[in-house]
Each structure stands twice: as structure tokens, then as C-alpha cells.
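Peer 1: Everything below, folded, please.
(2 chains)
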Amino acid sequence: MTGHNQAEHTSAHVLDVRGLSRSFSVEKSMVQSALDRLRGVAPQTLRALHEVSFSIARGETLGLLGESGSGKSTLARVLMGIYEPDSGSAKLCGREIFGVRGSERLAVLRNMQMVFQDPFGSLDPRMTVRQIISEPLKIHGLMPRENVETHLARALTDVGLDAGALDLYPSEFSGGQRQRIGICRALMLNPALLIADEAVSALDVSVQAQILELLIRLRSERNLAMLFISHDVAVVRQISDRIILLYRGNLVEELPADQLLEDGCHPYTRHLLEAALFLREGDRLPDAISATALVETNAGCCYRPVCPQAGKECQQRPLLREIKPGHRVACHFAGE
Amino acid sequence: MLRIDDFSLQLKGSDGRTLPVLENVSLQLNQGCCLGVAGESGSGKSVLAMSIAALLPSGAVHSRQGKIEFEGCDMLSARESELQQLRGRKIGFIFQEPMTAMNPLMTLYDQIVETVYAHFPATSRADADKRVMQALERAGFKEPDKFLNSYPHQLSGGMRQRAMIAMALVLEPGLIIADEPTTAIDAALQVQLLARLRQQIEQEQRSMIFISHDLGVIKAVSDQLAVFYAGCLVESGSTRAVLESPAHPYTADLVAALPRLVSERKLPVPIAGTLPAPDKKPAGCVYSDRCRYAREECHKQRPKTREIAPGWQARCLFPLHQEKC
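Peer 2: The predicted structure is shown next:
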């Protein structure tokens, strides 16, 4: 990694998120919401993120596991500034990213780039690879004056593409190659943190392994930190140093990746592991799992409506507490 | 109940070329058995499924050779009216994307009952209702009557997927063809759906062809396995045996590329290169240009399918098992 980006931050963490919350109002028909207003019924809200705190160290890969509706994409979008948070703070390389505007915001966000899930939808079909990968440089005014050609060509070969691909259009590439273009674009600004939101989920397994290998190489070459978001337990476990699990917007467990299988102890974590073991390894069919409850629990533990262990204590929201160094769980019964 | 003999299929390419999408495929499926069909996108697995149910539009097909026989009926020469009798009634199809496979303007009830009336126009309303309710219950709907009048967009992803299963099961077909039925859904729901499908096989003695790119899911659900690469059936046999010690190098590479959940944290091993397009396949073994064991002979001509053990076949000149001996 070169020059200015690194010099900006001295803190140990690339990203430090504290108490991040975001709610959405539940969409209703116009008539229904008018009736509700007349009756004085408060509009329904969905808590997509509920006081989520975590941090990522330099060069560290943090895996974020959760199913659809867990809030994992909302988290990525809030961090990238696509949604505003309701409350909470996030420091990127020591600088607050929320509430800053204009050129200052641009300068802060340069250190954080994103790789998207869909290798087809995330590249403009009418732009050449050259335009796609030089766009971030233009936006940030970082286009080199000289040797543009070698600069861009090197960026492409760095992600395993041929330098001759510069003037081709995305449609001329396979899904795996497009994902490489997306990664190349994200790395053009030499960010300290890469957010990968289901970056390999849409790919065939053989190609998936190629992209994982690429991410791992780039990470060690550039001391790149990553927030690797996925629903796939096996993939997350393999690429991450640490893992956090989200359930309905709540961070329920945080632990080192190599302890996930043995020590993961939140009932939701266990449930996810059992399902994954069945799907990946053909293990015994897990016990019938209660359908995810649609009811929003405002009080108590978020997992209480479906938890097989739920007891009286669970009417109070469990705090995330450390049961071992580096292992935190939000469950009243954890560590007993 | 289903026999595919030396079946080859050529499709018409966009500029008048012929594309060999399936080459000399031979497979057999017995009653009460689940055959998992694995392969990457573009390997020909979905085209095979479409061929079995004779669903490919005739305008797209250039030519076909070999034989597909289902319960004594020759699917390649059967007339359209005969095929219509089979589809829906004897062969149920679960498609990949419920959002595009369902009609957005029809309620759940109408979509399912359509199959009933198409085959048995004289069914009474009460009978039809009963069949729809049974199908929904079999597919795992807890309170089916609540959703009968819902349109697809009002159902969650998991419910739409279950609705697809109900549509396939409503006339209790002997053969279910499921094309990536659980791809886009969460693990917990996948488990439920696979358990449902497994139940249909074991308790009701139905047969199933389960197509997926995910070897893990196939391992969980199937008894027999067929691995496709570039239109060729490269290996087939009992799912457990094949996955435990693959004979074809491609199967072995595919297994190694799968992220695992076994206690040791090993990174998946990528397969170098890409799947060849149907008109750009190598002259020799289809996998020869990516195979790490390829020898000179492998580049000369397509290897014939050979028996590894009873019921276990691989289309490879130098299967991995013999290497070890």
C-alpha cells in the first residue's frame, strides 16, 4: 500500500462501529396508513439494525454471517452512506464517517470501497473496463497525469485479468471475470477496508474458489482489512479471522473464526451451524426448525420467539458479554 | 422407470451453428430413488432436465440421437398429445425461479388447480379443492387456506418455493424433476424443503431428479449422483461412494473447490481455467485442457465411459482409482 492513505490513520482499528441503529417504516397501503393515523395507531417500524457495535483491525477480515432479513446488507449500506443511520457512530481510520458532507466525506470514504454481489448488475454495460476502473480515480481527482495506461494495465493484471481487456465491455466476460473487474474497481483507490457483500454467492463453486483465492492474496499483499458479508457459513469460516453473527438486526455472537464450529454457542449460531452441516456435509437432518417468527419483539431477546431454550430471563434483552477472550455472546444462558 | 440411452442433443446456435450441448449421456433412475445431477452453469444439466420432460422448444433443437424412455414411453418420438398426458400428471417439474415460473396474475389456488383441470376437466369443485389443500400441506404449508387467494408477490420467497413444490405434487407424479429448487433461499428453509422432498421419495416412493451446482446439497438429498461437465456425463454412481473417492479428476476438483465445514480449516482449491463453450470443446476428453493429470492420449479423442465398479462409471482414460493401485 502506498502513500497518503496509510498516513492518515494511526489508530489500531480501520473501522470502529458503535451502537449503530437503523429502522425502516413498514410499507402499507395509502388507505391503511390513513386509517391508522385516524385511529392513532403508531406506524409500524422494522428494526433493521439494533445497537450494533464491532471493530475491524488493520489487515483483518471480519466475517458477517446472517440470513436474509438479518440486516447484513443494511449494515453495508449504512456504512457506505446509502442509508443514514438513526443513531450510532462509525470511525474509519480514526475519522467519523456519519454527519460529514461534501469533499470531507469523499476524503473519508476513499478508504472504504465495496464489492457487490451481482457481477452482472454491478457493472454498467455501456462502459468499457477502462472507464469502469478509472471512474473512482476521476471522482476523487486521483487520475495519474502520466503513465495512465501502465497504471490501469497493472491494476487489471493484479486481479488476474489480461491488460488487453481494457477496451472490452462487461458483456464480453464471464461471471468470475466480471467479479474480478468489480474487485479491481474497488481497489483503484487503495482503500484500507473492503466491504464484500455476498461477493462470491452468485458464482459456481470452482469460480468461487478462484475469487476467494484472489481476495486472500490481495489482502495479504496490501494489508487490506475486509468486512466479508455472506449467508454461507462455510465460506465465511474459511476466509475470516473473526466472525460476527446478526439476527434480526442484533449482534448475537462474536468469536474467532476457527472456534465457530466448536465454541459457537448462541442458540441461533447452533441452528445455523446444524443447517449448514446438513447442507454441506450431508450430516444428519437437523430437528424441525421453527419458522422464523415474523413478529417484532421490542422487549427481551430478539431470538426469544423461536428459541428452544427461551426462559423467563429472556424477557430482558441480553447484553453482549464476554465469556472467553475474544468471544462475546448475547444470551443469558451462554457459558453455563 | 426412467432410462436414458446414449442420448445426444444439438441445439441451434444464434448464427446458424450447431451447438453440441449433450454428448452420449446414459443414465438410469429407479423408483423411490433420488438422482442428483451436478455440474457448473453451462454444463448441460438443465437442458437434460428439459429433454427428459420434452420441454425444449422444437425450434431450438437441431437434432437428437439416442433414447429417453419413461415408463415405457419413448419421449423422443412421442406425439405432443401423449407428452401432455405425462407432464404434470406423471412428471412434476419444480423450476428454479418461482418469481418467473409463477403467473403473477393468478392466485396460489388458481395456479395449482390449473394442473388438475388440465388433466381432469370433469373434476368437481370439492375434489379439486381437496387436491389443492393436500398438495399445499404436503409441500409444508401450515395453514394453506390462509394463502389460497394470495398472489405470488404477496408470498415470501420460501412460501413461493413451497408453492412450486405444491404445483409439482398436486397430481402425485411418480417422477419429480427439481431444477435448483433451493438455490436462492436461506439455509434453514433449504433444510425444511429438502426434508419435504426427501419425505416424498422415502414415504411415497416417488423418484426425483435433483439438479444443483451445489455438491453439498446433492450429498444431503440424493442416492445416486451424475456429474456433468461441458455436456458430458463424466461420472455417475452412488452419491456417497463417488463423493468419498471420485474417479474422474473433474469430480475430484469439484469436491476440492467446495468450501467445507469439517473441523480442519482448509481453503477451497480453485479449478484453473473456464468451462469451454459448446462449440469450442477440446477434441479429446472435454476436461483435458484443465485436467492436471491429462496425458497425451487424453487430448486425442473422447474417452468412452468405463465401469469403475458395479453401478459406478466414469468417462476417463485414467481414472484416479487406478492411479493409486
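
Peer 1: Show me which residues of the stretch 201-325 of chain B sit near chain A.
Peer 2: B:213-217, B:219-220, B:253-254, B:257-263, B:265-272, B:274 (C-beta under 8 Å from any C-beta of the partner chain). C-betas here are computed from N, CA, C, even on glycine.

Peer 1: Identify the residues contacting B:P276.
Peer 2: B:A230, B:P282, B:V286, B:D289 (C-beta atoms under 8 Å, 6 or more residues apart in numbering or on different chains).

Peer 1: between those residues, which has the most around it?
Peer 2: Using other C-beta atoms under 10 Å in any protein chain shown as the neighbour criterion, B:A230 leads the contacts of B:P276 with 26 neighbours.

Peer 1: which non-adjacent residue is nearest it?
Peer 2: Residue nearest to B:A230 in three dimensions, not counting chain neighbours: B:V286, with 4.2 Å by C-beta to C-beta, 6 or more residues apart in numbering or on different chains.

Peer 1: Pretty sure that neighbour sits in a helix.
Peer 2: No. B:V286: not assigned to a helix; according to DSSP: H, G, I helix; E, B strand; the rest coil it is coil.

Peer 1: And it, what's its pLDDT?
Peer 2: For B:V286, the model assigns a pLDDT of 95.

Peer 1: buried residues in the helix or strand where B:I209 lies?
Peer 2: Element membership of B:I209, judged by DSSP states H and E, is strand B:207-212. Buried positions in strand B:207-212, judged by neighbour count with 16 or more other C-beta atoms under 10 Å in any protein chain shown: B:S207, B:M208, B:I209, B:F210, B:I211, B:S212.

Peer 1: Put the alpha carbons of the following helix or strand past that strand into PDB.
Peer 2: Heading C-terminal from strand B:207-212, the first helix or strand you meet, by DSSP H and E, is helix B:215-221. C-alpha atoms of helix B:215-221 as PDB (Å, rounded to 0.1, in the frame of the first residue of the first chain):
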ATOM      1  CA  LEU B 215     -22.500 -30.800  -4.200                       C
ATOM      2  CA  GLY B 216     -23.200 -30.300  -0.500                       C
ATOM      3  CA  VAL B 217     -26.900 -30.100  -1.100                       C
ATOM      4  CA  ILE B 218     -26.800 -33.100  -3.500                       C
ATOM      5  CA  LYS B 219     -25.000 -35.100  -0.900                       C
ATOM      6  CA  ALA B 220     -27.700 -34.300   1.600                       C
ATOM      7  CA  VAL B 221     -30.600 -35.300  -0.700                       C
END
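
Peer 1: At the contact with chain B, which residues of the stretch 201-336 of chain A appear?
Peer 2: A:204-210, A:212-213, A:216, A:231-235, A:237-239, A:257-258, A:261-262, A:271-273, A:275-283, A:285-286, A:288-289, A:291-292.

Peer 1: Any of those buried? List them.
Peer 2: Using 16+ other C-beta under 10 Å, the buried members of these are A:204-210, A:212-213, A:231-235, A:237-239, A:257-258, A:261, A:271-273, A:275-283, A:285-286, A:289, A:292.

Peer 1: now the strand holding B:I209, how far from the chain's geometric center?
Peer 2: 4 Å (C-alpha atoms, centre = their mean, to the nearest Å).

Peer 1: Report the mean per-residue pLDDT for it.
Peer 2: Strand B:207-212 comes out at a mean pLDDT of 94.

Peer 1: Repeat that for stretch A:169-184.
Peer 2: 92.

Peer 1: Please determine whether that stretch lies in contact with chain B.
Peer 2: Yes. Stretch A:169-184 is in contact with chain B by C-beta under 8 Å from any C-beta, via A:S174, A:G175, A:G176.

Peer 1: which of these has the most neighbours?
Peer 2: Going by other C-beta under 10 Å, A:G176 tops the residues of stretch A:169-184 next to chain B with 22 neighbours.

Peer 1: tell me the contacts of it?
Peer 2: A:P119, A:L203, A:D204, A:V207, A:Q210, A:I211, B:T274.

Peer 1: in stretch B:243-258, what's buried?
Peer 2: Quick answer for stretch B:243-258 (16+ other C-beta under 10 Å): B:243, B:246-258.

Peer 1: With secondary structure and pLDDT as added columns, please give those in TSV.
Peer 2: Below are those laid out as TSV (DSSP: H, G, I helix; E, B strand; the rest coil; pLDDT from 0 to 100):
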residue	secondary structure	pLDDT
B:L243	helix	93
B:P246	coil	95
B:A247	coil	95
B:H248	coil	96
B:P249	helix	95
B:Y250	helix	95
B:T251	helix	95
B:A252	helix	94
B:D253	helix	93
B:L254	helix	92
B:V255	helix	91
B:A256	helix	90
B:A257	helix	90
B:L258	coil	87
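
Peer 1: from these, which single one is nearest chain A?
Peer 2: Set against chain A, the nearest of the buried residues of stretch B:243-258 by C-beta to the nearest C-beta is B:A257 (4.3 Å).

Peer 1: I figured the closest one hits B:L267, correct?
Peer 2: No. Using C-beta atoms under 8 Å, B:A257 is not in contact with B:L267, being 10.1 Å away.

Peer 1: Report the set of residues contacting both of the two.
Peer 2: Joint contacts of B:A257 and B:L267 (C-beta under 8 Å, 6+ apart) are A:A209.

Peer 1: Please enumerate the helices of chain A.
Peer 2: Here chain A has its helices, by DSSP state H, at A:4-8, A:30-39, A:72-80, A:102-109, A:129-139, A:148-158, A:175-187, A:205-222, A:233-239, A:260-263, A:267-281.

Peer 1: Lowest average pLDDT across these?
Peer 2: What stands lowest among these, in mean pLDDT terms, is helix A:4-8, with a mean of 45.

Peer 1: So the helix or strand hosting B:T100, near chain A or not?
Peer 2: Using DSSP H and E, B:T100 falls within helix B:98-101. No. With C-beta under 8 Å from any C-beta as the criterion, chain A is not reached by helix B:98-101; the gap is at least 14.3 Å.

Peer 1: Quick one: residues in contact with the helix or strand hosting B:A166.
Peer 2: Per DSSP H and E, B:A166 falls inside helix B:157-169. Contacting residues not belonging to helix B:157-169 are listed as A:68, B:92-95, B:98-99, B:101-102, B:108, B:111-112, B:115, B:132, B:135-136, B:138-141, B:147, B:152, B:155, B:176, B:178, B:181-182, B:184-186, B:189, B:192-193, B:196-197, B:200 [C-beta under 8 Å, 6+ apart].

Peer 1: Near chain A, which residues of the stretch 1-150 of chain B? Just list them.
Peer 2: Residues of the stretch 1-150 of chain B lying near chain A (C-beta under 8 Å from any C-beta): B:E40, B:S41, B:K142.

Peer 1: Please check the residues you listed and keep the buried ones.
Peer 2: B:E40.

Peer 1: pLDDT on the next helix or strand after the helix holding B:A166, on average?
Peer 2: The first helix or strand that comes after helix B:157-169 along the chain, using DSSP H and E, is strand B:175-179. Averaged across strand B:175-179, the pLDDT comes to 94.

Peer 1: What strands line up against strand B:175-179, and which way round?
Peer 2: strand B:91-94 (parallel), strand B:207-212 (parallel) (DSSP bridges).

Peer 1: Out of those strands, flag the one nearest A:E84.
Peer 2: When the strands paired with strand B:175-179 are compared by C-beta to C-beta, strand B:207-212 sits nearest A:E84, at 40.0 Å.
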